[in-house]
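Asks: okay, here's the prediction I keep looking at, along with the sequence it came from:
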Amino acid sequence: MSYRRPGFRHPKQPKNDAGYTRADYEGAISTLCAGCGHDSTTNAIIQACFELNIEPHRVVKISGIGCSSKTPAYFLGRSHGFNSVHGRMPSIATGANMANRDLLYIGISGDGDTASIGMGQFAHALRRNLNLNYICMNNGCYGLTKGQDSATADRGSSGKRGVPNPYESIDLCELAIELGASFVARGFSGDKRQLVPLLKAAMAHSGLAFVDVISPCVTFNNTSSSTKSYQYVREHIEATNTFDFVPLQQEILTHYEEGTSQEVVMHDGSIIHLHKADSSKDVTNRLKSVNNLEREKEKGRLLTGILYINPDIKETHDIINSTLRPLNSLTEEDLCPGSAALEEINASLR
Ligand SMILES: Cc1ncc(C[n+]2csc(CCOP(=O)(O)OP(=O)(O)O)c2C)c(N)n1
Ligand code: SF4
């Protein structure tokens with residue numbers, strides 16, 4: 001059940017360049033447990049859309065099933081949305097994306113939704129480089145069904161039932177890099193200063209931008225043995241770099257800390273300024289990115305920030321050379337090439 005927010009807004013609320021207040025990007029009132037990491041992630045999505053001047057009617061939110069997949073009800077209440085079947089968010093996102101490439105697609109999933117039932121869908125959306133912001137709210141458990149271990153739960157960690165998990169955990173970021181992702185990042189729901197620029201960079205990326213957000217489940221998996229708990233992340237977080245995302249033609253207003261910098265130009269010309277805390281961490285080399293993750297893991301640390309970017313891979317539409325226009329705007333004339341063109345196609349197949 002969703003509860004609507006009161007429609008009254010203070011007339012002096014600041015507006016962004018698109019003419020919207022921050023409240024215009026909110027959705028219904030959350031019914032998740034108080035303190036759930038997913039609510040903080042929702043807030044970061046709202047903030048990122050507000051700061052990027054995104055027009056709500058140009059956004060499509062798609063999700064699977066889980067507490068995480070409920071969150072699209074709590075942000076961008078004026079956007080299009082579809083809550084699909086468990087693990088099937090990427091299929092629905094692919095279909096919608098093929099019908100209209102002109103919109104911003106935000107796909108919300110959980111670690112259960114992605115790393116178990118939706119694993120095949122996740123893999124193929126990645127290798128096709130679908131133009132989608134794939135946000136996985138990762139709490140290491142199935143929150144909605146009362147906290148069973150998910151495939152990202154740490155081996156040996158215990159949830160609320162107290163039974164240690166005997167299985168190896170899946171690192172979704174490492175897997176995404178292996179499967180050919182073009183943008184991979186990891187954030188923490190409790191670190192908005194890092195998460196908001198990460199989400200902004202992901203939203204401006206052309207192709208599949210995978211963001212793994214460690215988003216603790218306060219009810220079933222906030223135990224000290226879990227790397228997805230508030231306590232663990234606060235004590236073991238290691239960032240690849242500090243950075244800010246600068247949309248195209250916008251003045252750079254941020255101040256950078258001391259150290260070396262690296263610029264990564266995105267497909268649309270937007271720039272990510274990476275300010276390197278550790279100059280050995282190159283995020284444009286696949287092998288080095290996987291090594292960076294493994295090295296920190298060996299030390300028991302969670303690497304966050306932008307983990308890998310390849311701005312040179314084509315997104316699905318460019319690979320299949322699809323029409324630039326939404327399908328519902330195509331006329332019969334556009335769709336029927338005429339008998340001469342048909343004859344040519346048939347001849348090429350003989
Ligand atoms: C086909 C199918 N199988 C199983 C379920 C039961 N189910 C609902 S949510 C869920 C897991 C949710 O975990 P996750 O995606 O990590 O989301 P969270 O609730 O932790 O945010 C499961 C197994 C279902 N709804 N549909
Ligand atoms: S059960 Fe866990 S994941 Fe679900 S709303 Fe509560 S705290 Fe969040």
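Replies: Alright, I've got the coordinates. Ligands and ions are numbered 1, 2, ... in the order given.

Asks: might one say that Ile117 is in contact with Val85?
Replies: No. When contacts are counted by CB atoms under 8 Å, Ile117 is not listed as touching Val85 (9.1 Å). Heads up, the C-betas are built off the backbone N, CA and C, glycines and all.

Asks: give me the next element, helix or strand, following the worst-scoring helix or strand of the chain on mean pLDDT.
Replies: Lowest by mean pLDDT, DSSP states H and E among the helices and strands of the chain is strand 271-276, with a mean of 54. Sequence-wise, the next helix or strand downstream of strand 271-276 (DSSP states H and E) is helix 286-298.

Asks: how about that following helix as CSV, C-alpha atoms only?
Replies: Listed next in CSV are the C-alpha coordinates belonging to helix 286-298 (Å, rounded to 0.1, in the frame of the first residue of the first chain):
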residue,chain,number,x,y,z
ARG,A,286,39.4,-4.0,-17.0
LEU,A,287,42.2,-6.2,-15.6
LYS,A,288,43.3,-3.5,-13.2
SER,A,289,39.7,-2.8,-12.1
VAL,A,290,39.2,-6.5,-11.2
ASN,A,291,42.6,-6.5,-9.4
ASN,A,292,41.7,-3.4,-7.4
LEU,A,293,38.5,-5.1,-6.2
GLU,A,294,40.3,-8.3,-5.3
ARG,A,295,43.2,-6.5,-3.5
GLU,A,296,40.8,-4.6,-1.2
LYS,A,297,38.7,-7.7,-0.6
GLU,A,298,41.8,-9.6,0.6
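
Asks: other SSEs contacting the longest helix seen in the chain?
Replies: The residue-count maximum for a helix in the chain (DSSP state H) belongs to helix 37-51. Judged by 3 or more CB pairs under 8 Å, 6 or more residues apart in numbering; DSSP states H and E, helix 37-51 is in contact with helix 67-70, strand 132-138, helix 192-204, strand 208-214.

Asks: closest to ligand 2 out of the ones you listed?
Replies: helix 67-70 (3.1 Å; CB to the nearest ligand atom).

Asks: relative to the whole chain's centre, how far out is that closest one?
Replies: Put simply, helix 67-70 sits 14 Å off its chain's centre (CA atoms, centre = their mean, to the nearest Å).

Asks: how about stretch 53-64?
Replies: Worked out by CA atoms, centre = their mean, stretch 53-64 lies 13 Å from the chain centre.
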